[in-house]
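Peer 1: what follows is a predicted protein model with its sequence.
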Amino acid sequence: MVDLKRSALAVLFLSSIALWSTPAFAQMDLAGEWAPQFHEDQPERLAGPDIGDYAGLPINDAARMAADAWNADILSVPEHQCKPHPSDYSPRGPAQLQIWKEVDPVSRQVIAWRTHIMWQAPERWIYMDGRPHPDEFAAHTWQGFSTGEWVGQVLKVTTTHLKKGWIRRNGVPRSDQAELTEYFWRHGEYLTWTVIINDPIYLTEPMVRSSDFRWAPGQNVGNYPCQIVTELDHEQGWLPHWLPGTNPYLDLYSKTYDVIPEAGRGGADTMLPDFRKKVVAAQKWPPPAQPQNNPGGRGGGGPAAGGGAGGPGPGGARGGAPQGGQRGAPPAPGGRGQ
Amino acid sequence: MKAMSTMKLLLALILVAGLFRAGLALTSPVQRGRGPQQASPLRTAIFDPQQKIYYADANDRTVRALPVQDNVWMIVGAGGNIVVHTGDDGVLVVDTGSGGAATEKVQTILRAISTKPVRYILNTSFRPDHTGGNESLRGMPPPGAAGGGGGRGGGGRGTPIAAYETVLGRMSAPTGKVASTPANAWPTETYFKEFHDIYFNGEGIQMIHIPDAITDGDSIVYFRRTDVIAAGDIFMTTTYPVIDVKAGGTIDGVLVGLNRILDICIPKEKQEGGTMVIPGHGRISDEADVLEYRDMVKIIRDRILDAVKKGKTLQQVQAAGLTKDYDGRYGATTGAWTTAMFIEAAYQSLSEKK
């Protein structure tokens, strides 16, 4: 009888706590230091993609043409040097990530989740207070305007008002009309950040990409890493780019990795397993011997190239390439044409 | 019984507080706290305190004013963007939109933003979507006045209109000929050198002439303290440059103008904000947006010039797809300014260069 009374009291006590507690708006605490994991797409994300490698991107002809015109020398143009990675690309780079929350001092509710990433120090506000997105004539920013909501244990984020950015760091563009849907999934000490890009200008279908992070409480995020310098004495308005049909490096990717040229041209088909079979079937195996010289290296060279892992010499084995495929280079890539 | 009365009092207080709060949300800050003299029947603008936007009409939110930086606003929805600069001296506007039906809404917003009269009008070009409201804003009665009138100090018909001198030439006509615009809309202060300096509302304002850009009379306007540039149609976020070759426009002139804007711009940390740029049409921008637009114009210009040098005809150039990578963003196949028209204008101005 006494036990029954105790149980009833306990139920009453717990019920009262439940009744008087503040509702749990955040199902998962994302706050903390997060170290990027590069087991996926490592060569593209750190050293940088090859010129002309658009494989696996659901791009249209317009994006392809823009990327073909891209010249790595553009990173010498002062106004281009310190552009920060936009919010959809920043988790791909040297992305030592800090997440924290802004809390209303009175209600203690989370007003916004905040993120800071090492490379170019972009900071985001992900508003959780239901505020509307800005007017269509309001300014666009590198990180865009983000609002969030919890879907179970996952933070879903919607982002608008982005500046024009890039989908791959070799000139494949993402327009300022794009909108993002993102998901932050925490699995214990791991965090998966999924970005879905909807771009009516340059994509034929939504592009989905995820990056993983590991909890790293001892992580030390560096200070702002970029300083604009005038490296070359050019006339006002100098802008390096390739005229249609003149970019000599567009076959760099397909020749280096012995894949059919259409793989490098990208498109939604190149994301699918059937296309991979087509690539494998067309490969000559073993690949021909590669030349030893590599005068251009990879990575774009400029301070905004990211990662600082560029430089001369053959790169390491490329993930996703045939086993043992050592990277070489055709003659004189990366030259400062135009 | 006493508890009942207390409850009623409490409910009444909540109701009053709610009404007061709702009223605050639907009136402008100017209306709030400025006393009964502000209760003009003309003023019906509503203010969204969260977005900080004035709307001329609660039911039709097309015409509205967005905050840009400090005391500078941008009115959209009335033709070309109208830049509004407020302060103790009064209201200065850069461009006046298309005029016509939107005029009353523009005036409603101006009255909501400031209690001062419009005392200066600057035009970035002669084009009707930027000068169409000259006459109506010039004749806009100062707040509290019965009618137009007023001299330079009081706004109204005496309000000066400044522009590059060819703007006057294109809006007026020689004696005996019919002008394209009414005399009250014509510039009253013209300049023919590179700069025209004005000091207003506590800051230096520079009109900078860009030769042979969209037309032969373009100016950009730089607010030096506020750090805002009104770019006119040299920079737009909505379409390819509307180069008026017949009025002296060239694609190279547009590039010179865009590079000039980039020279002035200094972004804040992380390459964002700092100098803000208001386009002739489109959204509030900064250096990075102008840079993107400049790159687009430069790349297309170089492609067309290369084709011109190779002896390609206009039809061949238009069919070559030289703008394909930008058409989805800036192009059009119908309307007042199509991609084909832009290519033709660029081709013509570059053919003369050849």
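Peer 2: Cool, the structure landed.

Peer 1: tell me the contacts of the residue in the stretch 101-250 of chain B that chain A sits nearest to?
Peer 2: Each residue of the stretch 101-250 of chain B has a distance to chain A, by C-beta to the nearest C-beta, and the smallest belongs to B:T237, at 8.1 Å. (C-beta placed from N, C-alpha, C; glycine too.) Taking C-beta atoms under 8 Å, 6 or more residues apart in numbering or on different chains, we find B:T237 in contact with B:279, B:281-283, B:285, B:289, B:293.

Peer 1: farthest-separated two in those?
Peer 2: Largest separation among the contacts of B:T237 by C-beta to C-beta: B:H281 and B:D289, giving 13.0 Å.

Peer 1: give me the more crowded residue out of these two.
Peer 2: Relative neighbour count places B:D289 above the other of B:H281 and B:D289, with 23 against 19, counting by other C-beta atoms under 10 Å in any protein chain shown.

Peer 1: dihedrals phi and psi, the more buried one?
Peer 2: With angles defined as degrees, to the nearest 10, B:D289 sits at phi -70, psi -40.

Peer 1: now B:A345
Peer 2: The main-chain torsion angles of B:A345 are listed as degrees, to the nearest 10 and equal phi -60, psi -40.

Peer 1: quick check, pLDDT for it.
Peer 2: Here the pLDDT value assigned to B:A345 is 98.

Peer 1: how close does it sit to B:A307?
Peer 2: 15 Å (C-beta to C-beta, to the nearest Å).

Peer 1: what of A:Y54?
Peer 2: The separation that A:Y54 has from B:A307, given C-beta to C-beta, amounts to 25 Å.

Peer 1: okay, the two: which has more neighbours?
Peer 2: Neighbours were tallied for A:Y54 and for B:A307 using other C-beta under 10 Å; the higher tally belongs to A:Y54 (26 against 21).

Peer 1: grab the nearest non-local neighbour of the more buried one.
Peer 2: A:G266 (3.0 Å; C-beta to C-beta, 6 or more residues apart in numbering or on different chains).

Peer 1: go ahead and confirm the one you found touches A:A55.
Peer 2: Yes. The pair A:G266 and A:A55 qualifies as a contact (C-beta atoms under 8 Å) at a distance of 5.9 Å.

Peer 1: for chain B, give me the ranges with low pLDDT.
Peer 2: Segments of chain B classed as low confidence (criterion: pLDDT under 70) are B:1-43, B:143-156, B:353-354.

Peer 1: spell out the residue ranges of the helices in it.
Peer 2: Under the criterion DSSP state H, chain B contains helices at B:2-25, B:103-113, B:128-131, B:134-138, B:165-171, B:251-264, B:287-309, B:314-319, B:324-330, B:339-353.

Peer 1: in the stretch 101-250 of chain B, which spans are strands?
Peer 2: B:118-122, B:161-164, B:189-191, B:195-200, B:203-210, B:218-223, B:228-232 (DSSP state E, counting those that start in this stretch).

Peer 1: get me the contact residues on the stretch 101-250 of chain A for chain B.
Peer 2: Taking C-beta under 8 Å from any C-beta of the partner chain as the criterion, the stretch 101-250 of chain A approaches chain B at residues A:120-122, A:131-132, A:134-142, A:163-164, A:173, A:175-177, A:200-202, A:224, A:236-237, A:239, A:241, A:243-244.

Peer 1: spatially central residue in chain A, please.
Peer 2: Computing the C-alpha centroid of chain A and ranking residues by C-alpha atoms, centre = their mean puts A:Y89 first, at 2.6 Å.

Peer 1: contacting residues for that residue?
Peer 2: In this structure, A:Y89 makes contact with A:165-167, A:169, A:174, judged by C-beta under 8 Å, 6+ apart.

Peer 1: what's the spacing between the residue lying closest to A:M65 once chain neighbours are set aside and A:A72?
Peer 2: By the measure of C-beta to C-beta, 6+ apart, the closest residue to A:M65 outside its immediate chain neighbours is B:D325, 4.0 Å from it. In this structure, B:D325 and A:A72 are 18 Å apart, going by C-beta to C-beta.

Peer 1: ok so, going back, just put the helices of chain B in CSV and tack on distance to A:R114.
Peer 2: Converted to CSV, these look like this (distance: least, C-beta to C-beta, whole Å):
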stretch, distance to A:R114
helix B:2-25, 28
helix B:103-113, 33
helix B:128-131, 41
helix B:134-138, 43
helix B:165-171, 48
helix B:251-264, 31
helix B:287-309, 22
helix B:314-319, 49
helix B:324-330, 31
helix B:339-353, 42
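
Peer 1: sorry, back to before: need the phi and psi values for the residue nearest to the centre of chain A.
Peer 2: Residue torsions, per degrees, to the nearest 10, at A:Y89 are phi -100, psi -20.

Peer 1: mind listing the strands for the stretch 201-338 of chain A?
Peer 2: Under the criterion DSSP E, counting those that start in this stretch, the stretch 201-338 of chain A contains strands at A:207-215.

Peer 1: point out where it drops to low pLDDT.
Peer 2: The model of the stretch 201-338 of chain A has pLDDT under 70 over residues A:285-338.

Peer 1: closest residue of the stretch 1-150 of chain B to chain A?
Peer 2: Scanning the stretch 1-150 of chain B for the residue nearest chain A gives B:V76, at 5.0 Å (criterion: C-beta to the nearest C-beta).

Peer 1: surely A:I117 and A:R92 touch.
Peer 2: No. Contact status for A:I117 versus A:R92: not in contact, 10.2 Å apart, counting by C-beta under 8 Å.

Peer 1: tell me the residues that contact both of the two, please.
Peer 2: Each of A:H85 lies in contact with both A:I117 and A:R92 under the rule C-beta under 8 Å, 6+ apart.

Peer 1: re the thing from before, which of the residues of the stretch 101-250 of chain A next to chain B count as buried?
Peer 2: Buried residues within those, defined by neighbour count using 16 or more other C-beta atoms under 10 Å in any protein chain shown: A:120-122, A:134-135, A:137-142, A:163-164, A:173, A:175-177, A:201-202, A:237, A:239, A:241, A:243-244.

Peer 1: show only the entries of those residues found in strands.
Peer 2: Secondary structure assignment (DSSP state E) places A:P173 from those within strands.

Peer 1: and B:G217, what does it touch?
Peer 2: Neighbouring residues of B:G217 by C-beta under 8 Å, 6+ apart: B:125-126, B:163-167, B:169-170, B:209, B:247-248.

Peer 1: let's go with 7 Å and repeat that
Peer 2: B:125-126, B:163-164, B:166-167, B:170 (C-beta atoms under 7 Å, 6 or more residues apart in numbering or on different chains).

Peer 1: ok, so of those, who is nearest B:Y330?
Peer 2: Nearest to B:Y330 among the contacts of B:G217, counting by C-beta to C-beta, is B:S125 at 19.4 Å.

Peer 1: gap between B:L92 and B:G273?
Peer 2: Separation of B:L92 from B:G273 (C-beta to C-beta) stands at 23 Å.

Peer 1: look at the two and report which has more neighbours.
Peer 2: Remark: of B:L92 and B:G273, B:L92 carries more neighbours, 26 against 17, as counted by other C-beta under 10 Å.

Peer 1: hey, what's that one bridged with?
Peer 2: Here B:L92 shows beta-bridge partners B:H85, B:Y120, assigned using DSSP bridges.

Peer 1: so A:S254 touches A:R265, yeah?
Peer 2: No. The criterion here is C-beta atoms under 7 Å, and A:S254 misses it with A:R265 at 8.9 Å.

Peer 1: on that earlier part again, wait, what's in contact with the residue nearest to A:M65?
Peer 2: Applying C-beta under 7 Å, 6+ apart, the residues contacting B:D325 are A:62, A:65-66.
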